[in-house]
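# Sequence and predicted structure are below.
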Amino acid sequence: MEDIRKVIIQSRTLTGPFPSFDVNDTPDYPHELFFEWFKEAVKNGEHEPHAMILSTTDNHGFPDARVLIVKDVDQHGWYFASSSQSEKGKQMRINPNVALTFYWSLIGRQVRIRGKVVEMDKERSAKDFLKRGTRARAIALLGKQSSILNNQNELEEAIYNEMKKIQQHPNIIYPYWTLYRVNPIEVEFWQADEERKHTRVKYRIEGDKWRKNLLWA
């Protein structure tokens, strides 16, 4: 097997070209700049631009992270959904301070969000659940995320049974399905540069106003 270190060293990074980032023409609110960057990512053909990393901590203080899909963004925050009985759901109940990370390699842009997660009401969570595909709902209804699986056939049979249940009761809701919102306290925008002279702008909430600062690369 080829030495992994050699493979890593030979892998290309930040090859560009990347779009410009005028730090003197940024909006007053971070969600507005996020919209601009997200649209730029879509325009440039980023694969799954709505994918993000959610970082949490467990009850021992160990960090945890996984990739999720952002559901919505507005002036209040960033939204995603999951079972409140999942590992991440339990972790967020213990410590609601979380981080989100978006990375769009084709345009060399990263957005980092730090904030506190809050649960949306049952009605909004139920609406989100019913918007999911049938198979996705069936898997959620199993309620066994992160549990030990004996074999793959057991999973397929369980999914099949839940899909039959959905056909009979199309409005069935998984009771622990929860729509979450991250209320941000900091949002950092990072624009890569091929010569490593990166550009960073951080928004931080102070009282009821957002403050912007340039950061060293």
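All right, it came through fine.
# Spell out which helix or strand contains the closest residue to Thr101 other than its chain neighbours, please.
Leaving aside its chain neighbours, Thr101 sits nearest to Ile53 (4.3 Å; criterion: C-beta to C-beta, 6 or more residues apart in numbering). The C-beta positions use only the backbone N, C-alpha and C, and glycine is treated the same way. Taking DSSP states H and E as the criterion, Ile53 maps to strand 51-57.
# quick one: whichever helix or strand comes after that strand to strand 51-57, angle?
Downstream of strand 51-57, the first helix or strand assigned by DSSP H and E is strand 63-69. Counting by axes from the mean of the first three to the mean of the last three C-alpha atoms, to 10 degrees, strand 63-69 lies at 150 degrees to strand 51-57.
# buried ones in strand 63-69?
Neighbour-count burial for strand 63-69, with 16 or more other C-beta atoms under 10 Å as criterion, is recorded at Leu68.
# any residues touching it, and which ones?
Contact with strand 63-69 is made by 48, 50-58, 80, 82, 87-88, 91, as judged by C-beta atoms under 8 Å, 6 or more residues apart in numbering.
# So what's the residue count around Met52?
For Met52, the neighbour count with other C-beta atoms under 10 Å is 22.
# next one: Val42
12.
# partner strands of the longest strand belonging to the chain, parallel or antiparallel?
As assigned by DSSP state E, the longest strand anywhere in the chain is strand 177-191. In the sheet, strand 177-191 lines up against strand 77-83 (antiparallel), strand 109-119 (antiparallel), strand 199-206 (antiparallel) (DSSP bridges).
# mind checking how far the last one is from the chain centre?
From the chain centre to the centre of strand 199-206 is a distance of 19 Å (C-alpha atoms, centre = their mean, to the nearest Å).
# I figured Arg114 hits Trp78, correct?
No. Here Arg114 does not reach Trp78: they are 11.1 Å apart, not a contact under C-beta atoms under 8 Å.
# ok, now which ones touch Leu14?
Gly108, Ala192, Asp193, Glu194, Arg196.
# List only those of the residues you listed flagged as buried.
Buried among these (16+ other C-beta under 10 Å): Gly108, Ala192.
# still on that earlier bit, now render the strands paired with strand 177-191 as CSV, adding mean pLDDT, mean neighbour count and distance to Thr26.
Shown next, in CSV, are the strands paired with strand 177-191 (pLDDT from 0 to 100; neighbours: other C-beta atoms under 10 Å; distance: least, C-beta to C-beta, whole Å):
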stretch, mean pLDDT, mean neighbour count, distance to Thr26
strand 77-83, 98, 21, 18
strand 109-119, 98, 19, 13
strand 199-206, 98, 16, 6
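# could you dump those to CSV with distance to Ala41?
Shown next, in CSV, are those (distance: least, C-beta to C-beta, whole Å):
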stretch, distance to Ala41
strand 77-83, 15
strand 109-119, 7
strand 199-206, 16
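# Between these, which one is closest to Ile166.
strand 77-83 (16.4 Å; C-beta to C-beta).
# hang on, Ser20 is in a helix, isn't it?
No. If the criterion is DSSP: H, G, I helix; E, B strand; the rest coil, then Ser20 is coil and not within a helix.
# mind checking the SS state of Asp128?
helix.
# Would you agree it is in contact with Trp177?
Yes. Using C-beta under 8 Å, Asp128 is in contact with Trp177, at 7.2 Å.
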